[in-house]
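Student: Got a predicted structure plus its sequence, pasted below:
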Amino acid sequence: MNSNVLAENILPLVGGEDNVATLVHCATRLRFKIIDHSKVKLAELEALDGVITVVNGSGQLQIVIGNRVPEVFRAFGAISGLLDDDKAKKAPSEEKNTASVLGRLIDLVAGIFTPLLGAMAAAGVLKGALAIVLAAGWMSNKETTYIILHAASDSLFYFLPLLLAITSARKFETNIFVAVSIAGALIYPSIQGLFDGGQPVTFFGLPVMMMKYTGTVIPIIFSVWLMSIIERFLNRHIHESVRNILTPFFLLTLMVPLTLMTIGPVGITISETVASLFVSIYGFNPIIAGALMAAAWQVLVIFGVHWGFVTVFINDISVMGHSFLKAASSPSVFAQSGALLAVMLRAKDKKMKALAGSSFIASLFGITEPGVYGVTLKLKKPFICAVIAAAFGGAVVGYAKSSAISMGMPGLLTLPIFYGEGFVGFIIGCVVAFIGSFALTLIVGFDEPNAQPAQAAPVAKENKAMARKTHESASPSVSSEHIAAPVSGALIPLSEVDDKVFSAGIVGPGFAIVPEEGRVYSPVDGYIASTFASGHAIGIHSTGGAEILIHVGINTVQLEGQYFHMQVKEGDTVKKGQLLLIFDLDEIKQAGYDTVTPVIITNSDAWRELQISDKPHSRFGEPVIALSV
């Protein structure tokens with residue numbers, strides 16, 4: 001899949017660059033802050049090949065991509081200014097007023113912490129691996145090799161205020177370099193020396209309560225937030241000729257002592273209070289706390305509201321050096337893996353079996369969204385089984401008092417971040433969740449969607465699946481219906497189309513035509529359900545209830561409408577044999593594109609039988625598909 005083209009396809013469907021206030025990404029999702037939600041085309045976004053699902057809520061438009069999301073995110077930087085540091089786009093005030101407090105909080109936390117999670121996970125794995133090496137006696141902490149590797153693993157946590165200053169400044173739309181300078185002052189050697197020395201510290205006679213700021217979270221975030229407010233005030237009252245010098249001067253002079261005297265101590269006190277509160281709750285009954293955390297985690301992830309706990313995890317790690325709750329949430333990931341494996345083994349539908357298999361592999365490394373949205377949640381019962389099994393696994397983890405020493409998606413590669421007291425119990429808890437979910441799913445079973453005709457699985461080239469449903473699929477209004485050939489040419493099975501979206505039956509069953517002329521005619525009486533700006537595809541809803549996609553060529557979306565001339569528009573009523581589209585067959589071939597034209601029944605699950613003609617050639621208007629209920 002071409003990440004650049006996928007980004008180009010997504011951008012207009014979210015309303016264009018001017019409709020996006022901010023864009024960040026996490027492990028599997030693009031997270032858009034949208035200005036005008038009425039401009040977002042959710043159905044078309046969900047239909048894109050490469051998009052697993054779309055979640056619109058909690059103050060964000062979340063587009064689930066999977067583990068290739070960083071590549072797609074970078075592609076937005078190449079085609080737009082959404083990733084520019086100086087891009088200060090804001091949603092209208094009424095949008096902010098209508099957004100829920102929870103939604104704004106989630107958006108804030110995600111924007112600040114998401115960019116750090118990948119590096120934080122890598123550092124945590126290295127830190128855990130070094131702990132294992134020391135415990136096994138393979139290396140001494142006095143060796144220079146260990147010292148170098150320890151510095152690599154610990155630098156992110158030691159200088160965490162600097163990194164949070166960068167992400168917070170981006171989120172609060174303030175000067176990044178001044179924010180980093182403030183953070184740097186907090187961990188400056190001489191400032192830390194004042195803390196270590198223990199002597200009284202004053203600022204113009206005012207007492208300063210010295211604290212240790214390395215590895216802290218809350219103080220710098222609050223400091224940068226306040227700085228952003230003061231900066232806007234100063235910029236309104238300082239002439240632009242000297243603004244670039246005087247505003248940073250006043251910010252540094254004011255914010256560093258203010259942070260050391262008030263914001264810092266208050267922030268650290270809040271951090272320690274939050275950490276001790278959750279430790280107390282966890283200590284009251286770790287078994288119940290672990291079970292509830294594990295059972296709830298995937299539900300929280302579905303709605304994107306797990307970020308509130310991510311903040312708690314990071315705060316616990318920065319204050320105590322470890323997080324009990326982070327470890328307790330981890331069995332939920334392995335429980336989903338177990339359910340996916342069971343679905344892969346038990347499913348009869350080849351498409352579902354393949355999706356479960358690929359999602360199972362991804363889930364072992366912490367990427368659960370493809371499996372949750374595409375398989376377990378869709379089938380319902382496997383998801384419930386996974387939640388139940390996760391609770392038992394979480395109870396074991398809680399009993400063992402397992403904890404995490406760093407952030408990272410729970411998976412086989414990140415097991416070292418859970419090394420320490422309770423590590424064996426953590427492994428047992430995850431195994432219990434995995435096996436329990438696997439067994440429950442096999443025993444309980446699931447209601448599998450109607451299997452579609454199996455197709456071969458060749459190489460993928462198309463980057464956009466054009467099939468989409470503009471409404472819920474209605475039941476057919478007739479007992480049988482015939483779909484005619486929309487183009488004259490040689491008939492070939494979908495399995496011979498050089499595109500996995502069509503050949504694997506992902507969009508639906510049907511046939512393909514190698515066109516002899518550049519004209520597409522309506523195969524049924526009905527109306528135009530969808531058209532596309534590129535002009536290369538048409539969706540039709542027949543009067544009998546069939547939903548049909550006609551897709552001219554492979555990857556022809558990249559022609560951006562060149563050589564295509566649409567003769568109808570969305571919503572038009574059409575008759576069988578009516579001219580829908582004219583395209584220049586020779587020019588498309590000379591441009592290097594395959595002109596094979598798939599014709600797909602996108603609501604095949606609404607029909608009991610689907611028979612496709614086996615004749616090698618057809619003229620437009622001749623029946624090719626017979627549907628019956």
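Tutor: Received it, and whenever you're ready, just let me know what you need.
Student: I'd assumed K401 was in contact with S323.
Tutor: No - assessed by C-beta atoms under 8 Å, S323 is found out of contact with K401, at 11.8 Å. Bear in mind the C-beta positions are built from the backbone N, C-alpha and C, glycine included.
Student: so V51 is in which element?
Tutor: For V51, there is no enclosing helix or strand under DSSP states H and E.
Student: Pull the number of nearby residues for it.
Tutor: For V51, the number of neighbouring residues by other C-beta atoms under 10 Å comes to 22.
Student: And it, its phi and psi?
Tutor: phi -100, psi 120 (degrees, to the nearest 10).
Student: Can you give me the pLDDT of it?
Tutor: What the model reports as pLDDT for V51 is 81.
Student: burial measure for M209, as a count.
Tutor: Other residues close to M209 by other C-beta under 10 Å number 14.
Student: same question, Y563
Tutor: Neighbour count for Y563, taken as other C-beta under 10 Å: 22.
Student: Would you mind listing the residues in contact with it?
Tutor: Counting by C-beta atoms under 8 Å, 6 or more residues apart in numbering, Y563 makes contact with 583-584, 587-588, 591.
Student: Looking at the residues you listed, which has the smallest pLDDT value?
Tutor: Lowest confidence among the contacts of Y563: A591, with 84.
Student: Just give the nearest non-adjacent residue to that residue, would you?
Tutor: Using C-beta to C-beta, 6 or more residues apart in numbering and skipping residues adjacent in sequence, the residue nearest A591 is L559, 6.7 Å away.
Student: Model confidence at the one you found, what's the number?
Tutor: We have a pLDDT of 81 for L559.
Student: got a list of what it touches?
Tutor: 534, 536, 588, 591, 593.
Student: Name the member of these with the most neighbours.
Tutor: Going by other C-beta under 10 Å, H536 tops the contacts of L559 with 30 neighbours.
Student: gap between that one and A484?
Tutor: 20 Å (C-beta to C-beta, to the nearest Å).
Student: what do you get for G429?
Tutor: From G429 across to A484, the span is 59 Å (C-beta to C-beta).
Student: So for these two, which sits in the more crowded spot?
Tutor: Neighbours were counted for G429 and for A484 using other C-beta under 10 Å; G429 has more, 29 against 19.
Student: can you tell me the helix or strand for that one?
Tutor: helix 423-444.
Student: what's the closest non-adjacent residue to V432?
Tutor: Leaving aside its chain neighbours, V432 sits nearest to G393 (4.6 Å; criterion: C-beta to C-beta, 6+ apart).
Student: Now stretch 558-570 - C-alpha only, CSV.
Tutor: What follows is stretch 558-570, C-alpha atoms only, in CSV (Å, rounded to 0.1, in the frame of the first residue of the first chain):
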residue,chain,number,x,y,z
GLN,A,558,-4.1,8.2,-9.4
LEU,A,559,-5.1,9.7,-12.7
GLU,A,560,-7.2,12.2,-10.7
GLY,A,561,-10.1,12.2,-13.2
GLN,A,562,-8.0,12.5,-16.3
TYR,A,563,-9.5,10.5,-19.2
PHE,A,564,-12.8,10.0,-17.3
HIS,A,565,-16.0,11.8,-18.1
MET,A,566,-18.9,11.0,-15.7
GLN,A,567,-22.3,11.3,-17.3
VAL,A,568,-24.4,11.0,-14.0
LYS,A,569,-24.2,12.4,-10.5
GLU,A,570,-24.9,10.9,-7.1
